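Engineer: quick one: sequence and predicted model below, then my questions.
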Amino acid sequence: MKKMISMLLVLLLLAGLGACAFADETAKETGAILDGRWLCADIQGNVTENTPAVLKDNFGLYVNKEWILQAEIPDGETSAGAMEDVIRTLKDRQIALLKDESLTGHDAELVHKLYALVSDWDYRNAQGVEPAMPIMEAIRNIDSLEALTAYLYDRNNLKRYYPLVMAVSTDFINPDIYITQIGTPGLMLQDSAEYKERTQAGELYFALFEQLGTYMLQRLGLSAEESARVIENAFAFDALLAEHIKPVATHYQADYFASLLNYYSPEELEALAGNFPILDMLQAYGLKAGQSFMVTEPDYIAALPELYTEENVPLMRDWMTLKAALSVADSLDKETSKQTEAISNAIMGVSGETSEDDNALSSVLGLLSVPMDNLYIQAYCTEQQRQDILDIIEDVVACYRTMLESVDWLGDETRAKAIEKLDNLRVNAVYPDELGDWSALDFAGIEDGGSLLAANAAVQDYVIALQSDKIDTAVDKDKWDQLMMQTAQVNAFYNPQNNSINIMAGILSGEIYNEDMSYEQKLGGIGTVIGHEISHAFDTNGSQFDKDGAMANWWTDEDYAAFQARAAKLAAWYDGFIPWEGANYSGQQVQTEAIADMGGIKCLLAIAAQQEDFDYDAFFRQFATIWRTQALPAYLIALAAQDTHPMRYMRINATLAQFDDFVDFYGITEGDGMYLAPEARVAVW
Ligand SMILES: [Zn+2]
């Protein structure tokens, strides 16, 4: 299911919502802007030869116009850009690993065995849809609450269709131990608010589940009539669940993390869940009962007994049937795979097809991320690269310290705590010292008559067992857990739960970082990424966690109020962006990332100020280059509905416009598009 859902998510983001995304014709011709700020250059078609691109008015467009005019969105993709190029490089390298027969060792054996199962269409076609039939049959035979409970207790079921999510993670209050979190299930329309009032995004998800569901159910032997009833019941049950699940908008509120801290002993959890067999289900899933559970939404768990009734059995059975049918779509024969891709593409308006290699890679990564990671590290990571990144991190941390020392709105008490937090920052740069050990995993390959679904089940059991072993044990904060944090991904992030910044090997290519860049370019690329990540320690989320990763308040009331007021000013300013007509841009949604963008640049500018003959032009241009993009309009509409990052043209212009160093270097003054009066600026740090 993980892969299917992620595929649905990706497809949504690749999407074709159609209407109203383009700037109007006048805007295109004159560069006039909808929000009094900057033309959204990210949308394909918004920038033409005639669009003015003046450095002092729209720096991002000035730097990237030439690239934008020749950019092409590849077949099967929804966007092009500097980040997309880095992703492409990573995928090409990983595909080469899939095909490299000379690789040896257990990781390579697992990867090649799975790759053969994925890519041998003759073998898959001969199996047809048969591997899925026992799974479907077990669910279709459920005809009473007793049978439903027996199914959920069965260790051999797919373990994926419980109306809740069970996961092992670091405890929020005591980050030294692992705890089981009980969360709400993923909804088909992604957000409970969609069940009250459906938006464009909700319509799109509905179409996906309905059309893919109809195809898959019939492919797996249900009649047209049965399929229609299953889908209707599945959505009816989803809607019942949604009534008790908080809308996604609440996740961006200031008290969100605090609202998750609900601890229950096993006995208390059992009492909360009433007749819903939560502890037995947990055991059947493969997780041992720990001393305590963190329940993210207790009201939801408390509502389960009224949903888990004899009367609702047909609804829940059909809800599980639909989810099961969708989850196996990628693991069967070629016809199923091609048809489901075609249905998704038609709904989303995606042109072209994803290549077989890309599809195979995504299947292998979905199951064997750690063995793949190990192969990538051995093939592509170097100590030189890591040292280079560590050096930049050291410079950035030093400047961050100076910055915290000089911030004028922090009192001494909070300032000391902030600096202490920075001094305790953990750094995970590029790749772990010790590779993840998956030597105990095995599954049947083609020679042994294996199937993709059987491999999938074996990996899932293996991963759940790894997770279960952690419960109630001490967290090794120095260990780089590749299962949670793959090295080979185009990403970097801050983890508030161990106060660490994590710079992944996969991001180190193209315009972000390469060994041949000048120092200024490196700072404008990977340097600003590192600065951004450290800033997350001090954004509205990170600021709620202390130097050891515990959720704890280290602020004086006065300083926290000042911090929140600054963050609110920033959010209100972003509310005013209108990237396309009718857009309802949410500042609260992008608040943490915008704070981090600005904090990062401020810090990098402090480094620049210490250098002799620093090439500011190269630095600012590189920063604008890494965020260049051209994307399908509908993709951006769907993306903006859920992305916590500001749109890329904002990441360039809105960020740089906050700083005197930028404004003064280019002689930008009042009346220029890139000019923001000091009192209108919103950088929190
Ligand atoms: Zn970020």
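Structural biologist: Ah, there it is. Numbers count the residues shown, from 1 in each chain.
Engineer: Provide the secondary structure category for residue 476.
Structural biologist: Judged by DSSP: H, G, I helix; E, B strand; the rest coil, the three-state class of residue 476 is coil.
Engineer: dihedrals phi and psi, it?
Structural biologist: phi -90, psi 100 (degrees, to the nearest 10).
Engineer: gap between it and the ion?
Structural biologist: 25 Å (Cβ to the ion, to the nearest Å). All C-beta atoms are positioned from the backbone trio N, CA, C, and that covers glycine.
Engineer: number of nearby residues for that residue?
Structural biologist: 11 (other Cβ atoms under 10 Å).
Engineer: same check, this time on residue 130
Structural biologist: Neighbour tally, residue 130, other Cβ under 10 Å: 12.
Engineer: repeat for residue 233
Structural biologist: 19.
Engineer: what do you get for residue 197?
Structural biologist: 7.
Engineer: and it, how far is that from residue 640?
Structural biologist: 18 Å (Cβ to Cβ, to the nearest Å).
Engineer: once you drop chain neighbours, what's closest to residue 231?
Structural biologist: Leaving aside its chain neighbours, residue 231 sits nearest to residue 213 (5.1 Å; criterion: Cβ to Cβ, 6 or more residues apart in numbering).
Engineer: wait, doesn't the one you found sit right on residue 323?
Structural biologist: No - between residue 213 and residue 323 there is no contact under Cβ atoms under 8 Å: 9.2 Å.
Engineer: overlap in contacts of these two?
Structural biologist: Common contacts of residue 213 and residue 323 (Cβ atoms under 8 Å, 6 or more residues apart in numbering): residue 234.
Engineer: buried sites along the host helix or strand of the residue nearest to residue 231?
Structural biologist: When secondary structure is defined by DSSP states H and E, residue 213 falls within helix 200-219. For helix 200-219, the neighbour count (16 or more other Cβ atoms under 10 Å) marks 201-202, 204-206, 208-217, 219 as buried.
Engineer: just to revisit the earlier point, which ones are touching the residue nearest to residue 231?
Structural biologist: 227, 230-231, 234, 322, 325-326.
Engineer: okay, now the domains of this structure?
Structural biologist: 1-70+629-648, 129-331, 381-432+487-614 (automatic domain parsing).
Engineer: looking at those domains, which is nearest to the ion?
Structural biologist: The closest of the domains of the chain to the ion is domain 381-432+487-614. By Cβ to the ion, the value is 4.8 Å.
Engineer: how far out from the middle of the chain is the closest one?
Structural biologist: A distance of 18 Å separates the centroid of the chain from that of domain 381-432+487-614, by Cα atoms, centre = their mean, to the nearest Å.
Engineer: per-residue pLDDT, the closest residue in space to residue 280 that isn't next to it in sequence?
Structural biologist: Once flanking residues are discounted, residue 280 sits nearest to residue 153: 5.6 Å by Cβ to Cβ, 6+ apart. On the pLDDT scale, residue 153 is placed at 84.
Engineer: tell me, how many residues neighbour residue 153?
Structural biologist: Other residues close to residue 153 by other Cβ under 10 Å number 14.
Engineer: what does residue 419 give?
Structural biologist: Residue 419 has 16 nearby residues by other Cβ under 10 Å.
Engineer: who are the contact partners of it?
Structural biologist: 401, 404-405 are the contacts of residue 419 under Cβ under 8 Å, 6+ apart.
Engineer: now with 6 Å, please.
Structural biologist: residue 404 (Cβ atoms under 6 Å, 6 or more residues apart in numbering).
Engineer: ok, back up a step: inside strands: which ones of the contacts of residue 213?
Structural biologist: If you go by DSSP state E, these have nothing in strands.
Engineer: and those residues, which two are the farthest apart?
Structural biologist: Spatially, the most separated pair among the contacts of residue 213 is 227 and 326, at 12.3 Å (Cβ to Cβ).
Engineer: give me the mean pLDDT for whichever strand or helix holds residue 462.
Structural biologist: Using DSSP H and E, residue 462 falls within helix 452-470. Confidence over helix 452-470 (mean pLDDT, whole number) is 92.
Engineer: buried set for it?
Structural biologist: In helix 452-470, counting by 16+ other Cβ under 10 Å, buried: 452-464, 466-468, 470.
Engineer: skip ahead from that helix and say which helix or strand is next.
Structural biologist: Past helix 452-470, the next helix or strand by DSSP H and E is strand 492-495.
Engineer: the following helix or strand past that next one vs the ion: in contact?
Structural biologist: Next in sequence after strand 492-495, counting helices and strands by DSSP H and E, comes strand 500-504. No - shown here: strand 500-504 not in contact with the ion (Cβ under 5 Å from the ion), separated by at least 10.4 Å.
Engineer: show me what strand 500-504 is packed up against.
Structural biologist: strand 426-430, strand 492-495 (3 or more Cβ pairs under 6 Å, 6 or more residues apart in numbering; DSSP states H and E).
Engineer: can you give me the strands in this structure?
Structural biologist: 79-81, 165-170, 178-183, 263-264, 293-295, 426-430, 492-495, 500-504, 629-631.
Engineer: tell me the average confidence for the fourth one?
Structural biologist: So the one you mean is strand 263-264. On average, strand 263-264 scores 97.
Engineer: direction included, what does that strand pair up with?
Structural biologist: strand 293-295 (antiparallel) (DSSP bridges).
Engineer: before we move on, the earlier item: to residue 480, which of the helices and strands packed on strand 500-504 lies closest?
Structural biologist: Closest among the helices and strands packed on strand 500-504, using Cβ to Cβ: strand 426-430, at 5.4 Å.
Engineer: show me what the closest one is packed against.
Structural biologist: Using 3+ Cβ pairs under 6 Å, 6+ apart: strand 426-430 touches helix 383-406, strand 500-504.
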